[in-house]
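J.: model this:
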Amino acid sequence: MSGDGTQTGRTQFGRGKYRIRPGIRHGVLSLPARAGIAKISGKLPAVQRRILLLITDLQIGGTPTVVRELAVRLHGDADFDVHVACLDRWGPVADQLRDRGVPVTALNACCRFDPGVLFRLIGLIRRERIDTVFSFLIHANGVAALASLAVPGVRFVQSIQTTQPNPRWHWRLQHVIQHAAEKIVVPTPSVKEAAIRWAGVKPERLFVIPNAVRIRDFSGERRGEKQSRRVAFIGRLDPIKRIGDLVTAVSLLNADIVLDIWGEGSQRGEIQSTIARLGLQNRAILHGAVAGSAEALENADVLVLPSDAEGFGLVLIEAMAAGVPVIGTNVPGIRDVIEDGISGLLVPPRNPRALANAIARVLSDVLLREKLIAGGRDRVRRLYDWEVCYGEYRQLLLGY
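T.: The predicted structure is shown next:
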């Protein structure tokens, strides 16, 4: 813990394909790094871009995972010097970043509107000589916008990752703070549409860069023989996820079908009550948080995301990469990712019977299952692999 109330983790060496020689900064590179970066940019920058990725928290979740994976790639790229900060206290994704050599700072907010966070952020930007702040989610966007008033000359980029209409004050705030950002990144056309409609962002200021996974992190290997068929949910236990609908759907299916719920959140008690009310204590299992989706997907026969709305649904492409067929509700964000009948199945939201029917189809129809697995992996390979998406982030952060 530093004297200004922040908590920082640092290591000396980067991991990744493109490395800066230990102890040498600002673009003076070893030969392997020089050769590596030429493959991407074709030139060496005179000075590295000093990037701060700012997010609300670094708990397990979709957007923290995206920030982690982007940070790791920037850290291994000789054109960038990257630092990650969260408004909240230290979380498990901060540990993952630190272990992979990325400097991390927790700004340690004591409450939702802690003014000290703003001053600690401004101090961090100045101390690390940051030239570009890329913020994710509404609270981080708001604090970054305020900080922009105190650090002239620093570029600010914002990311909106939701299509949820409520709380509406989020969108009203986003309308006000959008003007602090040079550009605003969204992961899907649905989020772009929401930002235009509810925050009044002009279309030309919005850039769609999809979230991504590294396919080779997901082997697609299943564990050995199982006594049951397993349905998986992976995500925060939040009302917007409508996990109760999925629990109800499983109650309508054969007794050999088991639901594995991976994640933590405010809805845990309510979900437990639903499980008990439906008598599913042996068929619906709350596992708690999991460090990575790959582990949770090893046993899964199908992945279901029954949300009312999503910005993207990172777990969908993680499951596709792992060779697990996916089912999602036909709502903004999810329908941007799933091509119905090709890379997954879409069902109406808030409809447990429709969920149950879709799960039964995927588990019983071998040809359909194989088609969805092949279609999902192909879609990830073409659109959502980091090998495809990282170049778009590079151009954005280099200012092209």
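
J.: do a quick rundown of the strands in the stretch 151-300 of the chain.
T.: Taking DSSP state E, counting those that start in this stretch as the test, the strands found in the stretch 151-300 of the chain are 155-159, 183-186, 206-208, 229-234, 257-262, 284-288.

J.: could you dump the ones you listed into a markdown table and include distance to Leu118?
T.: Bear in mind the C-beta positions are built from the backbone N, C-alpha and C, glycine included. What follows is those, written out as a markdown table (distance: least, C-beta to C-beta, whole Å):
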| stretch | distance to Leu118 |
| --- | --- |
| strand 155-159 | 14 |
| strand 183-186 | 21 |
| strand 206-208 | 26 |
| strand 229-234 | 34 |
| strand 257-262 | 35 |
| strand 284-288 | 33 |
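
J.: by mean pLDDT, which helix or strand of the chain comes out lowest?
T.: Using mean pLDDT, DSSP states H and E, helix 31-41 stands out as the lowest-scoring helix or strand of the chain, at a mean of 34.

J.: quick one, what contacts Gly91?
T.: Residues in contact with Gly91 (C-beta atoms under 8 Å, 6 or more residues apart in numbering) are Asp57, Leu58, Gln59, Ile60, Pro64, Ala106.

J.: farthest pair in these?
T.: Spatially, the most separated pair among these is Ile60 and Ala106, at 15.3 Å (C-beta to C-beta).

J.: now Leu173. Nearest residue, chain neighbours left out?
T.: Of all residues not flanking Leu173 in the chain, Gly142 sits nearest, at 5.8 Å (C-beta to C-beta, 6 or more residues apart in numbering).

J.: can you name the element that comes right after the least confident helix or strand of the chain?
T.: strand 49-55 (DSSP states H and E).

J.: and the angle for that next one with strand 155-159?
T.: 40 degrees (axes from the mean of the first three to the mean of the last three C-alpha atoms, to 10 degrees).

J.: output the helix or strand that strand 49-55 is followed by as CSV, nothing but the C-alphas.
T.: Going down the chain from strand 49-55, the next helix or strand is helix 62-75, by DSSP H and E. This file holds the C-alpha atoms of helix 62-75, laid out as CSV (Å, rounded to 0.1, in the frame of the first residue of the first chain):
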residue,chain,number,x,y,z
GLY,A,62,-16.6,-10.6,-18.5
THR,A,63,-15.2,-7.0,-18.7
PRO,A,64,-12.4,-7.5,-16.2
THR,A,65,-11.4,-10.6,-18.3
VAL,A,66,-11.3,-8.4,-21.4
VAL,A,67,-9.2,-5.8,-19.7
ARG,A,68,-6.8,-8.5,-18.4
GLU,A,69,-6.3,-10.0,-21.8
LEU,A,70,-5.9,-6.6,-23.5
ALA,A,71,-3.4,-5.5,-20.9
VAL,A,72,-1.3,-8.7,-21.3
ARG,A,73,-1.1,-8.1,-25.0
LEU,A,74,-0.2,-4.5,-24.6
HIS,A,75,2.4,-5.4,-22.0
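
J.: helices or strands up against helix 62-75?
T.: The contact analysis (3 or more C-beta pairs under 8 Å, 6 or more residues apart in numbering; DSSP states H and E) places helix 62-75 against strand 49-55, strand 80-86, helix 92-99, strand 132-136, helix 314-321, helix 386-398.

J.: could you redo the last one with a cut-off of 6 Å?
T.: Applying 3 or more C-beta pairs under 6 Å, 6 or more residues apart in numbering; DSSP states H and E, we find helix 62-75 packed against strand 49-55, strand 80-86, helix 92-99.
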